[in-house]
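Peer 1: okay, predicted coordinates and the sequence, questions at the end:
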Amino acid sequence: MAEEKITDEDIVEDFVQNPYKYGFKTNIETESFPKGLNRKIINDISRKKDEPDFLKNFRIKSYEKWKKMEMPNWSSLNIPEIDYQDMQYYSIPKTKKKLGSLDEVEPELLETFNKLGISLTEQKLLSNVAVDAVFDSVSIGTTFKKQLHKFGVIFCSFSEAVEYYPNLVEKY
């Protein structure tokens, strides 16, 4: 009897038809913008992040170019059209204050990374890997920042780079 061949399409179909067995929800209060992407959302995100005009203009220019793009025709795959207006483009955990380090992160956020198999505390202490931990639309902590800075390496979230090194961000 011939062995049945499992195709990539079979694997994708099985994945789509079954509930995500690793799924969970982080029970933390967030601030979110409505679903969808348009100039108003882009302006609101830029204003919320207190970004300079050059970055807002870059985002708007990119958005206008993106609107003219077509969905790729994937070879041998039947991928339905993506509804980009059904996605949320900005969501951040509500925090009482700006975080200075991973030690100040709410335990619920750290537990989320642990559930994903990413122990930020252990990585911070035991490995030589620099990590920028991102939850929803915001960096919640970056490791090895001070140590790398001693060697002239800038390692931070994009939002921090915009705040502290705007000339570099604009240039590159």
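Peer 2: Looks like it came in fine. Numbers count the residues shown, from 1 in each chain.

Peer 1: report the helix or strand with the lowest average pLDDT across the chain.
Peer 2: Across the helices and strands of the chain, the lowest-confidence element by mean pLDDT, DSSP states H and E is helix 120-126, at a mean of 54.

Peer 1: buried set for stretch 52-65?
Peer 2: 55-56, 59 (16 or more other C-beta atoms under 10 Å). Bear in mind the C-beta positions are built from the backbone N, C-alpha and C, glycine included.

Peer 1: filter these down to the ones in strands?
Peer 2: Using DSSP state E, no member of the buried residues of stretch 52-65 sits in strands.

Peer 1: switch the residues you listed over to JSON lines; also include distance to residue 154 and pLDDT.
Peer 2: Shown next, in JSON lines, are those (distance: C-beta to C-beta, whole Å; pLDDT from 0 to 100):
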{"residue": "55", "distance to residue 154": "17", "pLDDT": "96"}
{"residue": "56", "distance to residue 154": "22", "pLDDT": "97"}
{"residue": "59", "distance to residue 154": "22", "pLDDT": "95"}
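
Peer 1: tabulate those (CSV), appending distance to residue 147.
Peer 2: CSV is the format used below for the buried residues of stretch 52-65 (distance: C-beta to C-beta, whole Å):
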residue, distance to residue 147
55, 28
56, 33
59, 32
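
Peer 1: tell me which of the residues you listed fall in helices.
Peer 2: 55-56, 59 (DSSP state H).

Peer 1: ok, now how distant is the nearest residue to residue 90 once chain neighbours are set aside from residue 42?
Peer 2: Leaving aside its chain neighbours, residue 90 sits nearest to residue 33 (4.2 Å; criterion: C-beta to C-beta, 6 or more residues apart in numbering). Residue 33 sits at a distance of 10 Å from residue 42 (criterion: C-beta to C-beta, to the nearest Å).

Peer 1: go on, residue 59?
Peer 2: From residue 59 over to residue 42 the distance is 5 Å, taken as C-beta to C-beta.

Peer 1: again with residue 163
Peer 2: When C-beta to C-beta is the yardstick, residue 163 and residue 42 sit 19 Å from each other.

Peer 1: those two: who's more crowded?
Peer 2: Under the criterion of other C-beta atoms under 10 Å, the comparison of residue 163 against residue 42 puts residue 42 first, with 18 against 15.

Peer 1: wait, what's in contact with the residue nearest to residue 90?
Peer 2: Neighbouring residues of residue 33 by C-beta atoms under 8 Å, 6 or more residues apart in numbering: 41, 44-45, 88-91.

Peer 1: contacts for stretch 44-57?
Peer 2: Stretch 44-57 is contacted by residues 33, 42-43, 59, 89-90, 159, 162-163, 166, 169-170 when judged by C-beta under 8 Å, 6+ apart.
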